[in-house]
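Undergrad: Need coordinates for the below:
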Amino acid sequence: MLIGLCTWYMGCLNAFPLYTKSLTSAIISLLGDGGAQYHEDRIRAKEIGSHNNVKRFNYNRRRGLTNFADSALICGPMLHYGYDWLESAIPVVNSCSSSSALCAWSASHAAAAHVLIDDFIFDAIFIAIMFISTGIGEGYYMNQIVTQCKKDYFPTVKTMWKTSFLLMPLEFCLFRFLPLSLRVLGINMMDIIWDAIVSYMIHKRRKADTDEALKLVAI
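TA: Numbering: from 1, shown residues only. Below is the predicted model of the structure:
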């Protein structure tokens with residue numbers, strides 16, 4: 001069954017590379033955001049106190065759908081074209097024609113460059129887009145989104161850079177040894193952690209503001 005699934009996925013990847021990668025990114029983003037929401041829900045349950053017996057996971061479907069749409073329509077296609085551009089500008093696969101140690105060294109340098117550009121440039125762009133797209137999708141006004149970005153954008157980027165340092169060895173292996181067609185999938189599998197942390201950082205203040213507003217209404 002697993003072999004059949006892999007064969008089917010590779011067929012989709014060869015026939016519809018953009019759509020397959022975008023949908024894969026969207027599903028991974030949905031899982032990452034679901035993990036972030038679950039973590040937030042458990043934190044709130046502990047803050048309320050065990051005597052309230054809060055056990056139900058309150059999943060925010062609109063937030064999940066917004067993250068899904070962001071990855072399917074924006075971040076997924078950007079990964080597809082971005083990694084294609086990186087490979088054409090700094091080739092890993094065809095860094096030279098022979099299989100000498102010098103060629104392996106050149107390919108490793110190219111893969112390392114891909115990792116640095118992906119982690120420090122692409123990620124910063126993706127985070128900015130996620131602040132805006134998820135904010136709009138969740139019904140926030142543009143002035144609210146801009147205000148939050150001023151407060152939370154750089155702390156979020158710094159947090160993700162710290163996370164990237166831990167994941168860099170794995171990411172290097174993905175860029176160095178996976179064919180171009182599978183790199184988005186490989187990075188997406190790793191990005192379950194990335195998506196969960198980014199979603200948590202983006203929604204941390206939004207949740208706090210919403211909870212505060214509900215308290216004022218209740219008063």
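
Undergrad: Let me see the ranges of the helices in the protein.
TA: 2-15, 17-48, 61-70, 76-89, 101-117, 123-137, 142-177, 180-218 (DSSP state H).

Undergrad: Grab the nearest non-local neighbour of the residue most central in space within the chain.
TA: Nearest to the mean C-alpha position of the chain, by CA atoms, centre = their mean, lies Asp195 at 3.8 Å. Nearest non-adjacent residue to Asp195, counting by CB to CB, 6 or more residues apart in numbering: Gly32, 2.6 Å away. Where you see a C-beta, it was placed from the backbone N, CA and C, and this is true even at glycine.

Undergrad: Leu13 too?
TA: Nearest one to Leu13, counting by CB to CB, 6+ apart, is Thr20 at 4.9 Å.

Undergrad: And for Cys149?
TA: What sits nearest to Cys149 in space, not counting adjacent residues and going by CB to CB, 6+ apart, is Phe131, at 5.1 Å.

Undergrad: check contacts around the one you found.
TA: By CB atoms under 8 Å, 6 or more residues apart in numbering, the contact list for Phe131 reads Ile145, Gln148, Cys149, Asp152, Tyr153, Thr156, Ile202.

Undergrad: CSV for these, including pLDDT, distance to Tyr9 and neighbour count?
TA: Converted to CSV, the contacts of Phe131 look like this (pLDDT from 0 to 100; distance: CB to CB, whole Å; neighbours: other CB atoms under 10 Å):
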residue, pLDDT, distance to Tyr9, neighbour count
Ile145, 93, 36, 18
Gln148, 93, 37, 18
Cys149, 93, 36, 17
Asp152, 93, 36, 19
Tyr153, 95, 35, 17
Thr156, 94, 31, 23
Ile202, 91, 29, 25
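
Undergrad: and those as a markdown table, adding distance to Ala26?
TA: Below are the contacts of Phe131 laid out as a markdown table (distance: CB to CB, whole Å):
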| residue | distance to Ala26 |
| --- | --- |
| Ile145 | 21 |
| Gln148 | 23 |
| Cys149 | 23 |
| Asp152 | 23 |
| Tyr153 | 23 |
| Thr156 | 21 |
| Ile202 | 17 |
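
Undergrad: Could you identify the most distant pair in those?
TA: Pairwise distances across the contacts of Phe131 (CB to CB) peak at 13.4 Å, for the pair Ile145 and Thr156.

Undergrad: can I assume Ala113 is in contact with Ile90?
TA: Yes: the pair Ala113 / Ile90 is scored as a contact, 5.0 Å apart, by CB atoms under 8 Å.

Undergrad: roughly how far apart are Ala107 and Met78?
TA: 24 Å (CB to CB, to the nearest Å).

Undergrad: Same check on Lys21?
TA: The gap separating Lys21 from Met78 is 10 Å, by CB to CB.

Undergrad: Flag the shaky bits of this protein, pLDDT-wise.
TA: Confidence mapping of the chain against pLDDT under 70 gives the ranges 48-55, 94-105, 207-219.

Undergrad: repeat that for 50
TA: Across the chain, the ranges flagged by pLDDT under 50 are 51, 213-218.

Undergrad: Show me which of Lys21 and Met78 is the more surrounded one.
TA: Ranked by neighbour count (other CB atoms under 10 Å), Lys21 and Met78 place Lys21 first, with 24 against 17.
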